[in-house]
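Engineer: This is a predicted model, with the sequence first.
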Amino acid sequence: MTVAKLLQVARTKGLMIATAESCTGGMVSAAITDIPGSSAIFDRGFVTYTNAAKTRMLGVDSATLTAHGAVSEPVAAQMAQGALTHSDAQIAVAITGIAGPGGSDHKPEGQVCFGLAWRGNVRTETVAFGARGRAAVRRAATEHAVQLLLQAADQHDG
């Protein structure tokens, strides 16, 4: 299981992790903390569902939200960086997307933006999971975020 592997790698390297979640509503944090011993690697999670929460809790710039919308790579980047800044973690992942139902032509259901931050670096990506329904999009986004954390922890040199 990917979460158990994440716990093993992060513990071995002495890494702490933080999450900043919107459309997953804490599912990544829950997936990590479901594993016994996760307190050794999980510092905290931010569930920032509203734009106001993203701004207040993570320091996302309101101008970025206005210019790009909450579901965007610039916002995901600022969310991830904000999670690092406001935690004791060395790696943070951020998730913001359209779980559904609904969406638009420009931002369809299943579009999810991810941010990954570590040591002053931020990487972003957008994944189109498709209109598979709210629960399936949220599960897929959670699994993808855990995979991003695992890759980052694996590549981290301590």
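Structural biologist: Received it, and whenever you're ready, just let me know what you need.

Engineer: Secondary structure element holding S87?
Structural biologist: For S87, there is no helix or strand it lies in under DSSP states H and E.

Engineer: secondary structure class for the residue nearest to the spatial centre of the chain?
Structural biologist: Taking C-alpha atoms, centre = their mean, the centroid of the chain lies closest to A94, which sits 2.3 Å from it. Put simply, A94 is strand when judged by DSSP: H, G, I helix; E, B strand; the rest coil.

Engineer: ok, now how distant is the residue sitting furthest away from the middle of the chain from A99?
Structural biologist: In the chain, the residue that sits farthest from the middle, by C-alpha atoms, centre = their mean, is D105; the gap is 23.7 Å. Noted for D105: a distance of 17 Å to A99, by C-beta to C-beta, to the nearest Å. Every residue, glycine included, has its C-beta placed from N, CA and C.

Engineer: Please apply the same query to E109.
Structural biologist: Here the criterion is C-beta to C-beta. By it, E109 lies 7 Å from A99.

Engineer: what about these two, which has more around it?
Structural biologist: Higher neighbour count among E109 and A99: A99, with 26 against 20, using other C-beta atoms under 10 Å.

Engineer: Surely the more buried one forms part of a helix?
Structural biologist: No: applying three-state DSSP, one finds A99 to be coil, outside a helix.

Engineer: surely it meets Q111?
Structural biologist: No: counting by C-beta atoms under 8 Å, A99 stays clear of Q111, with 9.7 Å between them.

Engineer: In the chain, which helix is the longest?
Structural biologist: helix 134-155 (DSSP state H).

Engineer: what packs against that one?
Structural biologist: Under the contact criterion of 3 or more C-beta pairs under 8 Å, 6 or more residues apart in numbering; DSSP states H and E, helix 134-155 touches helix 2-13, strand 17-21, helix 27-33, strand 91-97, strand 111-118, strand 121-128.

Engineer: give the contact list for the residue farthest from the centre of the chain.
Structural biologist: D105 sits next to no residue when contact means C-beta atoms under 8 Å, 6 or more residues apart in numbering.

Engineer: could the helices and strands packed on helix 134-155 go into JSON lines alongside distance to M57?
Structural biologist: JSON lines is the format used below for those (distance: least, C-beta to C-beta, whole Å):
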{"stretch": "helix 2-13", "distance to M57": "23"}
{"stretch": "strand 17-21", "distance to M57": "8"}
{"stretch": "helix 27-33", "distance to M57": "14"}
{"stretch": "strand 91-97", "distance to M57": "12"}
{"stretch": "strand 111-118", "distance to M57": "15"}
{"stretch": "strand 121-128", "distance to M57": "17"}
